[in-house]
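Participant: Pasted the sequence and its predicted model underneath.
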Amino acid sequence: MSDAAIFAISLGVTLVGLVISWGAYRRRGAGTGLRGAALSLVPLAAAMTGVTEFFVDLAFSPVKWAGVAVAGLAVMLYLASGAMLSRRAGAGGGKAAEGGEGRRSAGRAAKPKRGVEGPAPGGGDPEMAEIEKILRDRGIS
């Protein structure tokens, strides 16, 4: 498809979208109208930046579809390896768990886990005590 045809189609879609956005602005308010105008400008921006040409070429090119398939395979393999690694680290007690600890200690120290705990021994944090007092005074616990 030629550049002029792609630009003309994108311009037409943008103009129709802007007319619909004007109607939405009149019926539903400025927020809806502005959102519609923003979405209406996307096809024109895509045509002006060349993104549209990429998708038109993609639709008719088996080589580009093969590239998309290879990229999809790469993503699937990456996600599968992440699942396998997390399962191995969660097994506990095995050599993989010991290796994980060795890697962690070689890097930086592990942060202590924070949970919902009671006040720390020795008085706790004075700022937290003040916040808790304000919440109690307002009836929030």
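Facilitator: Everything's here; your move.
Participant: Return the helix or strand in the chain with minimum mean pLDDT.
Facilitator: helix 95-106 (a mean of 51; mean pLDDT, DSSP states H and E).
Participant: Moving along the chain from that helix, name the first helix or strand you hit.
Facilitator: The C-terminal neighbour of helix 95-106 among helices and strands, as given by DSSP states H and E, is helix 126-137.
Participant: Let me know the average pLDDT across that following helix.
Facilitator: Averaged across helix 126-137, pLDDT comes to 89.
Participant: Contacts only, for the residue nearest to Val13 when sequence neighbours are not counted.
Facilitator: In space, and not counting its chain neighbours, Val13 is closest to Pro43: 4.5 Å by CB to CB, 6 or more residues apart in numbering. Where C-beta positions appear, they are placed from N, C-alpha and C, glycine not excepted. Neighbouring residues of Pro43 by CB atoms under 8 Å, 6 or more residues apart in numbering: 10, 13-14, 17, 52.
Participant: Out of those residues, which is nearest to Ala37?
Facilitator: Of all the contacts of Pro43, Ala37 sits closest to Gly17, with 7.8 Å by CB to CB.
Participant: Assign a three-state SS to the closest one, would you?
Facilitator: helix (DSSP: H, G, I helix; E, B strand; the rest coil).
Participant: Spit out the contact partners of the closest residue to it other than its chain neighbours.
Facilitator: Closest residue to Gly17 in three dimensions, ignoring its sequence neighbours and counting by CB to CB, 6+ apart: Ser40, at 2.8 Å. Residues in contact with Ser40 (CB under 8 Å, 6+ apart) are 13-14, 16-18, 20-21.
Participant: Include neighbour count and pLDDT when you put those into JSON lines, please.
Facilitator: Output for those, formatted as JSON lines (neighbours: other CB atoms under 10 Å; pLDDT from 0 to 100):
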{"residue": "Val13", "neighbour count": "16", "pLDDT": "95"}
{"residue": "Thr14", "neighbour count": "20", "pLDDT": "95"}
{"residue": "Val16", "neighbour count": "12", "pLDDT": "97"}
{"residue": "Gly17", "neighbour count": "19", "pLDDT": "94"}
{"residue": "Leu18", "neighbour count": "16", "pLDDT": "95"}
{"residue": "Ile20", "neighbour count": "15", "pLDDT": "96"}
{"residue": "Ser21", "neighbour count": "20", "pLDDT": "94"}
